[in-house]
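# I'd like to go over a predicted model; first the sequence, then the structure.
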Amino acid sequence: MSDSSSASAVPVLDVWCELQCPDCRTALDDLRALRSRYGDRLELRLRHFPLEKHKHAFAAAQAAEEAAQQGRLWPYVEAVLGRVAELDRKGEPLLVEVARELGLDAEEFDTALVDGRHILIVDADQAEGKAIGVTGTPTYFVGGERLDGGKSQEGLRARIEEIVDRLLAEAERPH
């Protein structure tokens with residue numbers, strides 16, 4: 001089997017998230033557990049859905065894209081989500097501070113937030129989210145199913161695992 005066909009067999013979990021959202025911080029344990037359980041058999045994709053009620057969420061989404069460019073998306077996302085209350089108080093300076101603490105190019109973060117180089121990605125995610133019915137965060141899409149974590153995280157990880165296990169089993173079956 002070639003790499004391209006095996007790569008396409010990997011289920012994708014889209015996580016519609018915003019980095020100033022306390023519910024998204026709560027969801028981190030589930031995301032860590034899913035990454036640990038499936039490793040590279042599940043593609044976890046961060047999708048941006050900054051909510052207007054959180055004034056630093058849009059900048060945080062752009063900063064996450066800069067972290068992705070610098071190869072450290074998930075460590076950055078986890079670090080920022082771990083400091084939701086501080087982000088609320090400090091705003092953009094915290095986003096640059098977290099980058100510096102993780103050994104990323106903080107100057108580049110600062111520049112990216114000023115020049116808006118990642119705005120189109122964030123806008124596109126937000127538009128796609130609205131088009132498919134995302135109304136809050138976190139919201140998960142896997143195997144064509146939408147799971148809303150904004151109301152409750154209760155039982156969500158088990159439901160995601162159930163869907164991913166089914167998708168993996170289907171992918172392994174001979175066609």
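It's in.
# so the residue nearest the centre of the chain: helix, strand or coil?
Against the mean C-alpha coordinate of the chain, by C-alpha atoms, centre = their mean, the closest residue is L46 at 2.5 Å. Classification of L46 by DSSP: H, G, I helix; E, B strand; the rest coil places it in strand.
# ok, now which ones touch it?
Residues in contact with L46 (C-beta atoms under 8 Å, 6 or more residues apart in numbering) are V15, C17, A64, A68, L73, W74, V77. (Each C-beta comes from the backbone N, C-alpha and C, glycine too.)
# for the helix or strand hosting the fourth one, packing partners?
Right, A68. Per DSSP states H and E: A68 is located in helix 57-69. Helix 57-69 is packed against strand 43-48, helix 73-81, helix 92-101, helix 106-115, helix 119-131, with contacts defined by 3 or more C-beta pairs under 8 Å, 6 or more residues apart in numbering; DSSP states H and E.
# at 7 Å what do you get?
helix 73-81, helix 92-101, helix 106-115, helix 119-131 (3 or more C-beta pairs under 7 Å, 6 or more residues apart in numbering; DSSP states H and E).
# ok, which of those comes nearest G144?
The closest of the helices and strands packed on helix 57-69 to G144 is helix 119-131. By C-beta to C-beta, the value is 14.7 Å.
# specify the angle between that closest one and strand 43-48 in degrees.
Taking axes from the mean of the first three to the mean of the last three C-alpha atoms, to 10 degrees, helix 119-131 and strand 43-48 form an angle of 100 degrees between their directions.
# what residues sit buried inside helix 119-131?
Within helix 119-131, the residues scored as buried using 16 or more other C-beta atoms under 10 Å are I121, V122, D125, Q126, G129.
# rewinding a little: who touches the helix holding A68?
With contact meaning C-beta atoms under 7 Å, 6 or more residues apart in numbering, helix 57-69 is reached by 18-20, 46, 48, 50-51, 73, 76-77, 80, 87, 92, 95, 99, 104, 108-109, 112-113, 118-119, 121-122.
# go on, stretch 137-146?
Residues contacting stretch 137-146 (C-beta under 7 Å, 6+ apart): 11, 13-18, 21, 23-24, 27, 49, 51, 133, 147-150, 160, 163-164, 167.
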